[in-house]
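Enquirer: Give me coordinates for this.
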Amino acid sequence: MNRKTYHLIALAALLFAGVAITACSSSDNEITEEVPSQSAKGKDTLLIKASKDFYATATTRDLSLDGNTLISIWSNNENVNVLKLIPQQMSHQEYWQVVGEVKVEKLSNKDLTCLLKGEFDAGTLNVGDYLRLVYPGKASGSSYLIDYTDQLGTLESIASDLDYCSTPEQKKKAIRVTAIEGKNIIASDATFTSLQAIVHFTILDKLGKKMYPPYLTISAKDANGQEQIVTQEEITGESTMGMGPLQALLMPRSNETYVAMRGFKNKNFTLSAIYEGQTYTYTESNVTFENGKYYDMIVKMN
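Expert: Predicted coordinates:
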């Protein structure tokens, strides 16, 4: 072996040793700096204690009347969507994005409280994340659309499709991930509030006799004549909102209907219906419906 070849072999050996030392040092640093509040792989389980606060006592999909009081309770295995607040990036503002769902478990307090539980890929949720929970769980991909159109006029249909409720979207009130313990993600307790009022309309003619129109059109306008009833709202990404009259069906030979609508305050309220070939209307000014409340309204159409 000549000297040149020997020097090249020696240099290669030194370089190899340096790479090995560097690799060990990098690995040691990764172990030292590993964040214990985030799992490295697999699935993590999100656990949240939840309660509801609207209508008579609470909220949810099973709605029933006790006299003039609307009662609602949680039901096992129902889905609730989990939205995560995505931080501002470049020109994009903060926005909510659906990242998964949890299911209702372990009902308590006469089914007014429950445990919400669901699995997420490790790293999806981390300590400090802001979360918003939305019910019912019926997101489309990462988006969530609230839709009050095409109402069937029954409590059952409202319970299954229109009884929207949510935890707060404001950061200072939003629930947060507080810890990750092993494979469990722990979040602050969640209190849901309703995103709409529910109104029971009884339809009469001006003499007080029952009317049986096939559907009722509901409108509320401000002083400038602008429609104030929310028909659809996208609450994730680029938020958009549709405004306009709502329609609710009346069951055959019924003069009653139940309507879910976003609350409003001091608006010019109009109901209209076509019955036996004639158009009937009811108008009232300064009408207020508050989210999370139930109303009985007897109207005499002219």
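
Enquirer: what are the ranges of the helices in the stretch 51-200 of the chain?
Expert: Assigned by DSSP state H, counting those that start in this stretch, the helices in the stretch 51-200 of the chain fall at 155-157.

Enquirer: in it, which spans are strands?
Expert: 62-66, 69-73, 79-86, 95-108, 113-121, 130-135, 145-147, 165-166, 175-181, 184-187, 190-194, 197-205 (DSSP state E, counting those that start in this stretch).

Enquirer: Please name whichever of those is nearest to residue 297.
Expert: For residue 297, the closest of the strands of the stretch 51-200 of the chain is strand 197-205, at 5.4 Å, according to C-beta to C-beta. The C-beta positions use only the backbone N, C-alpha and C, and glycine is treated the same way.

Enquirer: Can you name the secondary structure element that comes next after that closest one?
Expert: Counting by DSSP states H and E, the next helix or strand C-terminal to strand 197-205 is strand 215-221.

Enquirer: in the helix or strand that that next one is followed by, what's buried?
Expert: Going down the chain from strand 215-221, the next helix or strand is strand 230-234, by DSSP H and E. Residues 230-231, 233 are the ones in strand 230-234 that count as buried (16 or more other C-beta atoms under 10 Å).

Enquirer: tell me which of those residues is nearest to residue 254?
Expert: Among the buried residues of strand 230-234, and counting by C-beta to C-beta, the member closest to residue 254 is residue 231, at 23.7 Å.

Enquirer: In this structure residue 79 contacts residue 98, no?
Expert: No: using C-beta atoms under 8 Å as the test, residue 79 is too far from residue 98 to be in contact (11.4 Å).

Enquirer: Comparing the two, which residue is more hemmed in?
Expert: More neighbours surround residue 98 than the other of residue 79 and residue 98, with 21 against 15 (other C-beta atoms under 10 Å).

Enquirer: I'd like to know how far that one sits from residue 81.
Expert: Distance, residue 98 to residue 81, by C-beta to C-beta, to the nearest Å: 5 Å.

Enquirer: what touches both of those two?
Expert: Counting by C-beta atoms under 8 Å, 6 or more residues apart in numbering, the shared contacts of residue 98 and residue 81 are 139, 144.

Enquirer: so how many other residues sit close to residue 278?
Expert: Other residues close to residue 278 by other C-beta under 10 Å number 9.

Enquirer: For it, give the beta-bridge partners.
Expert: Going by DSSP bridges, residue 278 is paired in beta bridges with residue 275.

Enquirer: Check it and give its pLDDT.
Expert: Looking at residue 278, its pLDDT reads 96.

Enquirer: Point out where the protein drops to low pLDDT.
Expert: Along the chain, the parts satisfying pLDDT under 70 run over 1-41, 53-69, 71-72, 90-91.

Enquirer: center of it, which residue is that?
Expert: Taking C-alpha atoms, centre = their mean as the criterion, residue 134 is the residue nearest the geometric centre of the chain, at 1.9 Å.

Enquirer: Now distance to residue 241 too, for the strands of the stretch 51-200 of the chain, in CSV please.
Expert: As requested, these are exported to CSV (distance: least, C-beta to C-beta, whole Å):
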stretch, distance to residue 241
strand 62-66, 25
strand 69-73, 25
strand 79-86, 17
strand 95-108, 15
strand 113-121, 27
strand 130-135, 16
strand 145-147, 9
strand 165-166, 15
strand 175-181, 24
strand 184-187, 28
strand 190-194, 18
strand 197-205, 17
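
Enquirer: Out of these, which is closest to residue 42?
Expert: Using C-beta to C-beta, the nearest of those to residue 42 is strand 113-121, at 8.0 Å.

Enquirer: buried ones in that closest one?
Expert: By neighbour count, with 16+ other C-beta under 10 Å as the criterion, the buried positions of strand 113-121 are 113-116, 118-120.

Enquirer: Tell me which of the strands of the stretch 51-200 of the chain sits nearest to residue 263.
Expert: Distance to residue 263, taken as C-beta to C-beta, is lowest for strand 197-205 among the strands of the stretch 51-200 of the chain, at 5.0 Å.

Enquirer: what angle sits between that closest one and strand 215-221?
Expert: 120 degrees (axes from the mean of the first three to the mean of the last three C-alpha atoms, to 10 degrees).
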